[in-house]
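Structure for the following, please:
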Amino acid sequence: MVLLTRRRWRGQEHLPTTGGFLFAANHISYADPFFFGHFVDGSGYAPHYLAKRSVLQLPVVGRLLRATGQITVHRETEHAAQAYRDAVAAVRQGRSVIVYPEGTLTRDPDLWPMVGKTGAVRIALDSGCPVLPCAQWGAHELLPPYARRPRLLARPVNDVLVGPPVDLDDLRGLPVTAELLREATARVMAAITGLLGQLRGQTPPAVRFDPRSAGAPTTGNPHRPTRRPSRHQQGDST
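This next block holds a predicted model:
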């Protein structure tokens, strides 16, 4: 990473010196695990990711992530809840776990954080651990979203800004309802978005992008054309 990027890391004074916690970061590139993992490792923590099973199956990225004992996320399967239990156990054991609350690469056309999912705050509320909001910028210049090949000569700045823990104290100990989870998630995403605005020197959108409201796919590559069903799948009409 030293050869491929330059770095500008700020806000490490907010990182806890003891106990487990969550790094909650925005997601702009498949290179994020390397960029943000470099920051986490350089800050003195072992990076543990919640990683989608599909990412862990990638030839290079997956091999590296599996070798470092990452937490596998099995989406929409009977094993989906196991990642949650593993993450809660990890922070209770004093580890730092990296999560992308958006759940996938942002669909926002300008790469601002989109509406978050509730998994990160579920982990935080269940385990009692703090959530450290983090903004990152630069990985997309090396590997644009959904690109197949990196721009090896780009040498972007690995820009990371960490904020103080998101205040969830008034929500801890309350009955966990959908409304409470949405409120907690909104606080986390607001903190991340505000930090990213500082990194970019721009004002974030007043309303976060919601792929469901926009009719955009929530998983997979949104730019990949939908495969048409074969004639056999359609059924022979003759």
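
tell me the centre residue of the chain?
Centroid check for the chain by CA atoms, centre = their mean gives Tyr100 as the closest residue, at 1.6 Å.

The nearest residue to it once chain neighbours are set aside: neighbour count?
The shortest distance from Tyr100 to any non-neighbouring residue, by CB to CB, 6 or more residues apart in numbering, is to His27 (4.0 Å). The way it works is simple: take the backbone N, C-alpha and C, and place the C-beta from them, glycine included. Residues near His27, counting by other CB atoms under 10 Å, number 23.

close enough to count as contact, His27 and Glu102?
Yes: counting by CB atoms under 8 Å, His27 touches Glu102, with 5.2 Å between them.

wait, what's in contact with Asp32?
Ala25, Tyr100, Gln136, Ala139 (CB atoms under 8 Å, 6 or more residues apart in numbering).

Max pairwise distance over those: which two?
Tyr100 and Ala139 (12.0 Å; CB to CB).

Quick check, Leu125 in contact with Leu171.
Yes: using CB under 8 Å, Leu125 is in contact with Leu171, at 6.7 Å.

If you count surrounding residues, which of the two has more?
Neighbour count, other CB under 10 Å: between Leu125 and Leu171, Leu125 has more, with 21 against 16.

residues touching that one, list them.
Leu168, Leu171, Arg172, Val176, Ala184.

With Arg208 instead?
Residues in contact with Arg208 (CB under 8 Å, 6+ apart) are Asp108, Trp112, Pro113, Met114, Val115, Met189, Thr193.

Ok, Val121 next?
Pro101, Val131, Leu168, Leu181, Ala184, Thr185, Val188.

Where does the fifth one fall, secondary structure wise?
In other words, Ala184. According to DSSP states H and E, Ala184 maps onto helix 178-200.
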